[in-house]
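# Here is my input, please return the structure:
(2 chains)
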Amino acid sequence: MKQEKLKTELLNCTMENKVYAAKDFSSDQEVRWCPGCGDYSILKQVQSVMPEINVPKEDIVFISGIGCSSRFPYYMETFGMHSIHGRATAIASGLKAARPDLSVWIITGDGDSLSIGGNHLIHLLRRNFDTNVLLFNNQIYGLTKGQYSPTSEKGKKTKSTPMGSIDHPFNPLALCMGADATFIARTMDRDPKHMREMLMRTNNHKGTSLLEIYQNCNVFNDGAFFGMTDKVTKMNQTLFLEHGQPLVFGKNKDKGIRLVGFKPIIVSLEDYSIDDLWIHDEKDRVKAGLLTRFFDADFPRPFGVFYSEDRPIYEDALAQQIDDAIQQKGQGNLDNLLKGSNTWTID
Amino acid sequence: MTQETVEKVVIFFAGDSGDGIQLTGSQFTNTAALYGNDLSTFPDFPAEIRAPQGTLAGVSGFQISFGSTEIFTPGDECDVLVVMNVAALKANLKRLKKGGAIILNTDGFDKRNLRLAGFADDENPLTDNSLADYRLSEMNVTKLTRECLVDVTLGVKEKDRCKNMFVLGFVYWMYNRSLEHTIDFLKQKFKSKPDVLEANTRVLKAGYNFANTCEISSSRFEVKPAKMASGTYRNIMGNQATAMGLIAASQQSGLDLFYGSYPITPASDILHELAKHKNFGVRSFQAEDEIAAISACIGASFGGALGVTATSGPGVALKGEAIGLAFMLELPLVIVNVQRGGPSTGLPTKTEQADLLQAMYGRNGEAPVPVISASTPSDCFEATLEACRIAIEHMTPVFFLSDGYIANGAEPWLFPQSKDLQSIKVPMTKKENIDYLPYKRDDKLVREWAIPGMSGLEHRVGGLEKEDLTGNVSYDSSNHEFMVKTRAEKVERIADFIPNQELDAGSEKAKVLVLAWGSTYGAIKTAVKELLAEGYSVAHAHLRYINPFPKNLESLIRAYDKVLMPEINNGQLIKLIRDKYVIDAIPMNKIQGIPFEAREIKNRIIELHDGE
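Have a look, this model is predicted:
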């Protein structure tokens, strides 16, 4: 088809092995988030990771919905679309189906992806389009100036919940596991090094990669993740996952998680040895599910890659069906189609 | 037995929705088409897939008008009513003209069926003389079918499923038709089930022979081939033609077709048809909902494909925000609305033209979108192709309006050759265009398209108001006004690239003009043709382009004293015409989920013509 030809031409004109710097991914638009917003850190890390993913700039697309985070594409010197509320995931699905060659990044927030766009998110995950979802979770609606979000904790007092929220919040990563996601991970705005590492992992996974990023909204929900980011408390409240490594946390790495049957328990390493602990296995769906349930004050909050699975991606299967159809029926011929199987002629 | 030659016949097949009525009708249609008759069909089925057997709610119908003369509608009154049970008779007797023929299955008139159809204990139309005005051919189809298959090792249920073939065979004999096409069809359909094939074929022949030998039907009719324009024809349904139009647009533009859709009656057949043609590179995508369907199309178009979504009114309501986005992005996108009865869920399996104003205005902000409509099943092909041409060449979402009547209706089609189709020019920028500005426009006010993969042309688009030329976000008030007017003017200028409106029939000096759009075409054409032959001063113009209107439309309609506007809605096109041209057009509305009959329109024209 003509379009194939066009694509080949485009590829040929791409300079081989372009070397980029982070600033090459910075657009000429002034960044307009509130001073002190966690989004700045995320933008900076994404721009610094882009040169390393080895994709020509013109083949990268950032798609967002609506919300503070969704301004993101304007600041990236790549192709981009700032779309409508909740639909970035659906738009990216169509883009990937039409253009499997592109590196597609979805920028979304907790309201955008889990409330108005909840349906599209779970369907993206089950179809497993090869896209990267960066879910900026600040547990609040920022752009509309401070209403509670589907990840806000119960009892939260906001402009729309002066007596406290009565909604039970979503556990985003548990939801994603429920939708058969093939890659889920979590990081935070305050840990650039970890974020870079997670962004690379997100990029490298073939399939839908969902990276939840805890992001502080210093205007409407300041300190939502304070305990996990503050120097004093974070060692006890966070748990950094590494594949093949035991689950250890605590100020002096003195605590661990044991798995007794399906029940995780916190133990002191004074009483147990490292060998007694739960060894993190990214390929274990059941254990990943348990880790997503480390979601209340009883357990440290996990960060890192929870789960990673190889599963065929949608766009490959679609391309395969097209190839198979051409194999079986030959390249489509418009005249044969118009003619159909039964005709008659009038002289 | 007599054999008479008739010019035109209207048959209505009716039975339980599980009786295979649609298949019977379509087989008769294809056989008539292959014979060379002109024809038009209209299926009429209940919303429930298997409504309770024997009840009025469960009746499925199929109307065909065929003849040796030109046929533009499935017909007003029926000449023949074929009924498999008493409910089918009760529901459809009103369609039959006085003196018409009824072919009925007596087994469907037993106590149980009478009760299910709502007859009192001692009531039975077969015995109370209420059918005295009609010519009856009674036969126990169930019994005859079973007898014919007495030595076949199929279950009774499976045997009974062949009943429709008995009736079809009977009607084939009445109209002197060959069984060949249907036997070929059965061979294909039951390739892997030789016993079912044998049973159906045997029953078909039995029905034919039964009619021949038992002289239950007193007449046999000859309907000669129609004198149609020379060329090669095929039979086509509207949704099929729409699907082909989309594939043709993909070929003529060189853009891959991405079709994203969510199942909805009566648009789903377009998805089914396209899913069969992946060898044309068609990427068909069944989305999780209506919003996802159009959003995926926008993503595909952003990537350089032709995004197309089809739905019906409720789906369009859901897609509204995304249509606004596509309008703002100025990307090619086609939204097909196969209209059905509304509002809300309305009458899903019935037809209506009530989504025109939704297509025109159903978005927030100032977001005019071109609107194209089709007038007959085969016209869906060209109209779809034209909708795609405008979407691509003018970088805009376009509405294509069809409806349940033409989507499921069929007619013979003098199909085109691909070499005669116009090519579609894609406004893709040159890859070396380093001065590319995403919202710089040509003299049509169309922006140039740059897609991911074009090095150096990286840019961002979005739903926020954008600055002229650069497309950067802009809250500048005068820029906003300028952009709103520019986008509207861009759509207006499409009028320079569409043909002038022509009269379908009659002259510019006529007393009455009938002005309409969409599927009312056949009924109006029939009415106007007859009136012209009878010496009335009447003309007919039928719009394909509703937004923008053809440039000459105003001068064309101003020439008439009276402009009659029949619509299957409560008056929508007439609002646009009155608003734009301040012409006091006369409405004519029918909102019953069914098309106009030609005679209704004819009578109204005569009133206007002779009155006042």
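# use CA for all of it now, contacts and neighbours both
OK.
# pLDDT weak spots in chain A?
Scanning chain A with the threshold set as pLDDT under 70 gives A:1-17.
# where along it do the strands fall?
A:60-64, A:79-82, A:103-109, A:131-137, A:183-188, A:209-214, A:238-240, A:248-249, A:255-260, A:263-268, A:301-308, A:343-346 (DSSP state E).
# try the stretch 351-500 of chain B
B:371-373, B:397-403, B:410-413, B:460-462 (DSSP state E, counting those that start in this stretch).
# now for the longest one, which elements pack on it?
Right, strand B:397-403. Here strand B:397-403 touches helix B:313-329, strand B:333-339, strand B:371-373, helix B:379-393, going by 3 or more C-alpha pairs under 8 Å, 6 or more residues apart in numbering or on different chains; DSSP states H and E.
# quick one: strands adjacent to it?
Applying DSSP bridges, strand B:397-403 is found paired with strand B:333-339 (parallel), strand B:371-373 (parallel).
# B:Leu457 is in contact with B:Thr429, isn't it?
No - the criterion here is C-alpha atoms under 8 Å, and B:Leu457 misses it with B:Thr429 at 9.5 Å.
# Tell me which of the two has more neighbours.
More crowded of B:Leu457 and B:Thr429, by other C-alpha atoms under 10 Å in any protein chain shown: B:Leu457, with 25 against 17.
# residues in contact with the more buried one?
Neighbouring residues of B:Leu457 by C-alpha atoms under 8 Å, 6 or more residues apart in numbering or on different chains: A:58, B:431, B:433-434, B:436, B:450-451.
# now those residues: which count as buried?
A:58, B:431, B:436, B:450-451 (16 or more other C-alpha atoms under 10 Å in any protein chain shown).
# which of those residues sit farthest apart?
Taking C-alpha to C-alpha as the measure, those span a maximum distance of 14.0 Å, between A:Glu58 and B:Tyr436.
# Can you get me a residue count around residue 168?
Since no chain was named, I'll use chain A. 12.
# wrong chain, I was asking about chain B
26.
# cool, and B:Val371?
Neighbours of B:Val371 under the rule other C-alpha under 10 Å: 23.
# Now do the same contact list for A:Glu30.
Contacts of A:Glu30 by C-alpha under 8 Å, 6+ apart are A:Tyr75.
# I'd like to know how far it sits from chain B.
11 Å (C-alpha to the nearest C-alpha, to the nearest Å).
# now the strands: where do they sit in the stretch 101-250 of chain B?
Using DSSP E, counting those that start in this stretch, strands in the stretch 101-250 of chain B cover B:135-139, B:219-222, B:231-237.
# And chain B, split by domain according to the record?
B:2-222, B:235-418, B:427-498, B:503-610 (automatic domain parsing).
# Low-confidence stretches in the stretch 151-300 of chain B?
Checking the stretch 151-300 of chain B against pLDDT under 70 turns up B:215-218.
# if you set the cut-off to 80 instead, what comes out?
Residues of the stretch 151-300 of chain B meeting the criterion pLDDT under 80: B:214-219.
# leaving aside the residues next to it on the chain, what's closest to the residue in chain A that chain B sits nearest to?
Residue nearest to chain B within chain A (C-alpha to the nearest C-alpha): A:Gly94, separated by 3.7 Å. Closest residue to A:Gly94 apart from its sequence neighbours, by C-alpha to C-alpha, 6 or more residues apart in numbering or on different chains: B:Ala296 at 3.7 Å.
# And what about that neighbour, helix, strand or coil?
Secondary structure assignment for B:Ala296 (DSSP: H, G, I helix; E, B strand; the rest coil): helix.
# tell me which parts of the stretch 51-200 of chain A are close to chain B?
A:57-61, A:73-74, A:77-84, A:87, A:90-99, A:102, A:119-120, A:123 (C-alpha under 8 Å from any C-alpha of the partner chain).
# one more time with 7 Å
Contact residues (C-alpha under 7 Å from any C-alpha of the partner chain) of the stretch 51-200 of chain A with chain B: A:58-59, A:73-74, A:77-84, A:87, A:90-95, A:98-99, A:120, A:123.
# List the ones among those that fall in helices.
A:90-95, A:98, A:120, A:123 (DSSP state H).
# can I get the residues you listed in CSV with neighbour count?
Output for those, formatted as CSV (neighbours: other C-alpha atoms under 10 Å in any protein chain shown):
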residue, neighbour count
A:Ala90, 29
A:Ile91, 31
A:Ala92, 34
A:Ser93, 34
A:Gly94, 33
A:Leu95, 31
A:Ala98, 29
A:His120, 23
A:His123, 20
